[in-house]
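S.K.: Kindly return the folded structure for what I paste below:
(one chain, ligands or ions: 1)
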Amino acid sequence: MKNIIVLVSGGGTNLQALIDAQEHGEIQNGKITCVISSSPDAHALRRAEKHGIKSQVLNRKNYQNNQEYTRDLLKLLEAEKADLIVLAGFMIILDKSLIQAYENKIINVHPSLIPSFCGDGFYGLHVHEKALEKGVKLTGATVHFVNEICDGGAIILQKAVEIQNGDTPEILQKRVMEQAEWKILPQAVSLFCQDRLTVIGNHAYIDYKGA
Ligand code: GAR
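M.R.: Residues are numbered from 1 along each chain as shown. Reported below is the predicted structural model:
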């Protein structure tokens, strides 16, 4: 059974999707053993508490920069014996020391179809603002491994979502979460925990044999 550590910064709806999937037996061979938040005010912490999941706060405000923050985060992850680290709305760019220590063991959910609307400055609502500004007809979500390039790691799963007339960034964000993020994040976590993902170069391959 793999130890899944979920890193959060805000509302935690993706954490909730993982908790729901776990409670429905949809995460095979893995268990959420700890939630770590970069903010003491994150609603995600209350979600963890409600479901009896241990949580810790590593407050970004107490650190000068991401490098120092990552150093302490790395210690916490080692203490928690992390097998898989899930960035579920975690708004801090990790230093390479952590990425190297957990190569192909960190996954992130991003609210667009990478390589569109991703990279530095593309996070949360901004991603949907940019998609609407551009006038694309399709957007969606991507779950990918984390490497040293922001949103540049091997893609595990993607799901498209249609843009509709009258969409605002808020309406679109909600639809992308409901139709894409909350589905593909638990699926990717379960695939990882069953050792059904292989990374070669910058490609992730899924073993469908066990499906
Ligand atoms: C989600 O839409 C997630 O994809 C996005 O932030 C939101 C967090 O919501 N993450 C990024 O933009 C990372 N680049 P949540 O806290 O309710 O899961």
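S.K.: any residue of stretch 142-152 up close to the ligand?
M.R.: No. Against the ligand, stretch 142-152 shows no contacts by Cβ under 6 Å from any ligand atom, the least distance being 6.7 Å. For the C-beta atoms, the positions are set from N, CA and C on the backbone; glycine is no exception.
S.K.: Report the secondary structure state of Ile156.
M.R.: When classified by DSSP: H, G, I helix; E, B strand; the rest coil, Ile156 comes out as strand.
S.K.: and whichever residue of the chain sits closest to the ligand, what does it touch?
M.R.: Residue of the chain nearest the ligand, by Cβ to the nearest ligand atom: Gly89 (2.7 Å). Neighbour list for Gly89: 8-15, 44, 109, 124 [criterion: Cβ atoms under 8 Å, 6 or more residues apart in numbering].
S.K.: got the residues you listed as TSV, with distance to the ligand, pLDDT and secondary structure columns?
M.R.: Compiled in TSV, those are given as follows (distance: Cβ to the nearest ligand atom, whole Å; pLDDT from 0 to 100; DSSP: H, G, I helix; E, B strand; the rest coil):
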residue	distance to the ligand	pLDDT	secondary structure
Val8	6	98	strand
Ser9	7	97	coil
Gly10	4	96	coil
Gly11	4	96	coil
Gly12	5	98	coil
Thr13	3	98	helix
Asn14	3	98	helix
Leu15	6	98	helix
Ala44	6	98	helix
Val109	5	98	strand
Gly124	5	94	coil
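S.K.: what comes up buried for the longest helix along the chain?
M.R.: As assigned by DSSP state H, the longest helix anywhere in the chain is helix 66-79. Within helix 66-79, the residues scored as buried using 16 or more other Cβ atoms under 10 Å are 69-70, 73-74, 77.
S.K.: Having no further points to raise, I will conclude here.
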